[in-house]
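Colleague: let me see the structure of the following:
(2 chains)
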Amino acid sequence: MMFWVYLWKILFVFTVLAFGVMAVWVTIQGAFDIKAMMATLRKRHEAQGEDTAQQ
Amino acid sequence: MDLLATITQGTNFSTLDWGIILVYPLISVALGIIASRYVADMDDFVVAGRGLRTALGVATITGTELGLVTVMYSAQKGFTGGFAAFHIGIAAGLATLFVGLTGFIVAGLRRQEVLTIPEFYGKRFGPRTRILGGIILAGGGIFNMGMFLRAGSIFIVGITGLPSGSAALTVVMLVLLVLVLFYTVMGGMVSVILADYVQFVVLSFGLLIATALAIIKLGWGNIFESMIELRGEVGFNPFSPDGPFGGEYVLWMVFLGLVVCALWPTSVARALAAESETVVKRQFTIASCSYAIRNIVPYFWGIGAFVLIMQTPALKEAFFPSSPNAEAVDSLYALPIFLGRVLPVGLIGLVTAGMIAAFMSTHDSYFLCWSSVITNDIVVPLVGKEFSQRGRVLLTRLLILGIGGAIFLVSYLFPLREDLWDFMAITGAVYFSGAFALLVGGLYWPRASSTGAVLALIAGCSAMFGLVSVQEKVLVEWLGMAPERIAWFTSARVGIGTILLTVGALVAGSLAFPDRKQTEEGANA
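Modeller: Here you go, the predicted structure:
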């Protein structure tokens, strides 16, 4: 049984630490990605607007 | 005062916490209003113009999959299964890592540039498969959501100390539902992504802080020693024949881990919204950590709740009554009662707000997913005429409102007879066992035919026999089977059996009835 006890202890600590690092990275980089996504959507709308005007 | 009301009174929930949870959802409403300015057509509404990058993709996958319901059913599994339940989280993390590294299914779907999974069925197997697949996906998915409101209401009652039978609770749930409906209808996928990001930030750090506080309160050594003393081997070894899991269950969970990330429509929706195939793979590789943690941390909380309850006489008597005639409190209440006693004022409000946001962000993605499937894959092909982009967006928005009403009814009418996780797995299997055969066959086996696909979809519906209430109705009441014999039909056995049945149906149907195009190609060769 002690094999399972040690296994779950190590896996728990490892996954929580890995998630902590990922959470910090996603929080910072995600903010930049939102800005980029909004810019992409805005460009799409402008292009669609130009197409409609040309027609 | 009833027993439940007595034990929920021990919560640290205060007026400050109420203030936090009342203000927080308004942020989502504001995001919906902002996002609505960026939505012009169906591509914007359903896949955010396919402009999703890696970090935001990870945030939105986590925001959707780490919902309040996930936390509730996972904590219940940790409470009843102990550390042995960790195998479910590990299987989910490894399966997602495999999908991320290989692009299994998700990269192939992204390459097809479809909006929904049934649209792929249509491209690969023809319109009848698309419509049938759409009906099964949306029907199974909406039924699968049926317990969400109930789980959410149990969490709010347990953590805030609200009286369980009061009208206030129904009002709270209705208000939440209306808020989600409002911002999903307004902004579609763009507002869903923004809300998911905010929820990711709040809930990720909330989870980590709450876990640290739980360890400080109960003691790291005490948690493990208590479990060894109270549960012994079965609390740690998932393969133990005396425990609640066993080899069959572990196998079923490995498959479910694969399904949840590669086949579940809300996860796939993120893959379809990604900028490129490379982004899809990177997104799933990094998110493998989220898929593991979304189960493992709540299991740990469930285990913490078990230790706290066993060490508090009044709580122990409520959950494990000494009198055989007394009714035990539902184990779903263990988590909110635990958090209500472990977290301090202020943080409890923030974590609750994060959980409510998680509840909302899961709902918004599901509403969007099922409604877009009904519009694109059922209504439009059945009506047979071209819909304008504006017409499709309007129909999708109306359907979101209809689905909201439907899940409100299911939540209050359907009797839950199994663990919440097992209910979710079985109702999900109605859709995903057929989808597994069709997607793997459709993407990787050129001989898969439309007849085989239809047979596999129909075979997938047999997963319903995994629900205890269906077994009692069909096997005991209609077929006269002895009630004690239905215990053999565990969710794992029915689930694995359904998968084998669907794969068998696809292979047999495809070999017996190949598509005409393939037959002609074979003759020409």
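
Colleague: mind listing the strands for the stretch 401-525 of chain B?
Modeller: For the stretch 401-525 of chain B, no strands are identified by DSSP state E, counting those that start in this stretch.

Colleague: okay, now the unreliable bits of it?
Modeller: For the stretch 401-525 of chain B, applying pLDDT under 70 flags the ranges B:415-418, B:517-525.

Colleague: the helices in it, which residues?
Modeller: Remark: helices assigned in the stretch 401-525 of chain B by DSSP state H, counting those that start in this stretch are B:420-444, B:450-460, B:468-471, B:491-512, B:516-524.

Colleague: closest one to B:Asn325 among those helices?
Modeller: Nearest of those to B:Asn325, taken as C-beta to C-beta: helix B:468-471 at 22.7 Å. Bear in mind the C-beta positions are built from the backbone N, C-alpha and C, glycine included.

Colleague: and the closest one, which residues are buried?
Modeller: B:Val468, B:Val470, B:Gln471 (16 or more other C-beta atoms under 10 Å in any protein chain shown).

Colleague: would you turn these into CSV with distance to A:Phe19?
Modeller: Below are the buried residues of helix B:468-471 laid out as CSV (distance: C-beta to C-beta, whole Å):
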residue, distance to A:Phe19
B:Val468, 34
B:Val470, 37
B:Gln471, 38
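
Colleague: so which of the residues you listed is the closest to chain A?
Modeller: B:Val468 (29.5 Å; C-beta to the nearest C-beta).

Colleague: ok, that closest one touching B:Ile486?
Modeller: Yes - counting by C-beta atoms under 8 Å, B:Val468 does reach B:Ile486; the two are 7.5 Å apart.

Colleague: what about residue 21, neighbour count?
Modeller: Just so you know, I chose chain A. Neighbours of A:Val21 under the rule other C-beta atoms under 10 Å in any protein chain shown: 10.

Colleague: look at chain B instead
Modeller: The number of residues near B:Ile21, taken as other C-beta under 10 Å, comes to 23.

Colleague: now swap in B:Glu484 and tell me
Modeller: Other residues lying near B:Glu484 total 8 when counted by other C-beta under 10 Å.

Colleague: and chain A, which residues reach chain B?
Modeller: When proximity is defined by C-beta under 8 Å from any C-beta of the partner chain, chain A lies next to chain B at A:1, A:4-5, A:8-9, A:11-12, A:15-16, A:18-20, A:22-23, A:25-34, A:36-38, A:40-42, A:44-45, A:48.

Colleague: got any ranges where the stretch 101-250 of chain B has weak pLDDT?
Modeller: Low-confidence segments of the stretch 101-250 of chain B, defined by pLDDT under 70: B:164-169, B:172-173, B:183-184, B:186-189.

Colleague: with chain A instead?
Modeller: Along chain A, the model assigns pLDDT under 70 to residues A:45, A:48-55.

Colleague: and the helices in it?
Modeller: Using DSSP state H, the helices found in chain A span residues A:2-54.

Colleague: buried among the residues of chain A next to chain B? Need that as a selection in ChimeraX.
Modeller: In ChimeraX, a selection of the buried entries from these looks like this (16+ other C-beta under 10 Å):
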select /A:4,5,8,11,12,15,16,18,19,20,22,23,26,27,30,33,34,37,38,40,41,44,45
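
Colleague: give me the distance between the closest residue to B:Leu149 other than its chain neighbours and B:Ala151.
Modeller: Nearest in space to B:Leu149, with sequence neighbours left out and distances taken as C-beta to C-beta, 6 or more residues apart in numbering or on different chains, is B:Ser411 at 3.8 Å. Here B:Ser411 is placed at a distance of 9 Å from B:Ala151 (C-beta to C-beta, to the nearest Å).

Colleague: ok, the strand or helix carrying B:Met72 near chain A or not?
Modeller: Using DSSP states H and E, B:Met72 sits in helix B:68-81. No - using C-beta under 8 Å from any C-beta, we find that helix B:68-81 stays clear of chain A, coming within 11.2 Å at best.

Colleague: if you count neighbours, what's buried in that helix?
Modeller: In terms of neighbour count (16+ other C-beta under 10 Å), helix B:68-81 has its buried residues at B:68-81.

Colleague: ok, now stretch B:98-105?
Modeller: For stretch B:98-105, a neighbour-count test (16+ other C-beta under 10 Å) marks B:Phe98, B:Val99, B:Gly100, B:Gly103, B:Phe104, B:Ile105 as buried.

Colleague: list the contacts for the third one?
Modeller: So the one you mean is B:Gly100. Applying C-beta atoms under 8 Å, 6 or more residues apart in numbering or on different chains, we find B:Gly100 in contact with B:Lys281, B:Arg282, B:Gln283, B:Phe284, B:Thr285, B:Ile286, B:Ala287, B:Ser288.

Colleague: of those residues, list those near chain A.
Modeller: Among the contacts of B:Gly100, the residues that sit close to chain A (C-beta under 8 Å from any C-beta) are B:Ile286.

Colleague: re earlier: show me the two of the buried residues of helix B:68-81 that sit farthest apart.
Modeller: Maximum pairwise distance among the buried residues of helix B:68-81 (C-beta to C-beta): 20.1 Å, between B:Leu68 and B:Gly81.

Colleague: quick check: angle from the very next helix or strand once past the helix holding B:Met72 to helix B:68-81?
Modeller: Per DSSP H and E, helix B:68-81 leads on to helix B:86-102 as the next helix or strand towards the C-terminus. Interaxial angle, helix B:86-102 versus helix B:68-81 (axes from the mean of the first three to the mean of the last three C-alpha atoms, to 10 degrees): 130 degrees.

Colleague: now helix B:86-102: how far from the chain's centre is it?
Modeller: 16 Å (C-alpha atoms, centre = their mean, to the nearest Å).

Colleague: repeat for stretch B:137-156
Modeller: 9 Å.

Colleague: could you do stretch B:323-332 as well?
Modeller: Here the centre of stretch B:323-332 is set off from its chain's centre by 27 Å, with C-alpha atoms, centre = their mean.

Colleague: can you report how many residues neighbour B:Arg392?
Modeller: 20.

Colleague: what helix or strand is it on?
Modeller: Here B:Arg392 sits within helix B:389-413, counting by DSSP H and E.

Colleague: equivalent analysis for B:Val201, please.
Modeller: Going by DSSP H and E, B:Val201 is part of helix B:167-218.

Colleague: so is that helix next to chain A?
Modeller: Yes - applying C-beta under 8 Å from any C-beta, one finds helix B:167-218 in contact with chain A at B:Val190, B:Ile193, B:Leu194, B:Tyr197, B:Phe200, B:Val201, B:Ser204, B:Phe205, B:Leu207, B:Leu208, B:Thr211.

Colleague: and that helix, how far out from the chain's middle?
Modeller: Computed by C-alpha atoms, centre = their mean, the chain-centroid distance of helix B:167-218 equals 15 Å.

Colleague: with stretch B:497-517 instead?
Modeller: Counting by C-alpha atoms, centre = their mean, stretch B:497-517 is centred 28 Å from the centre of its parent chain.
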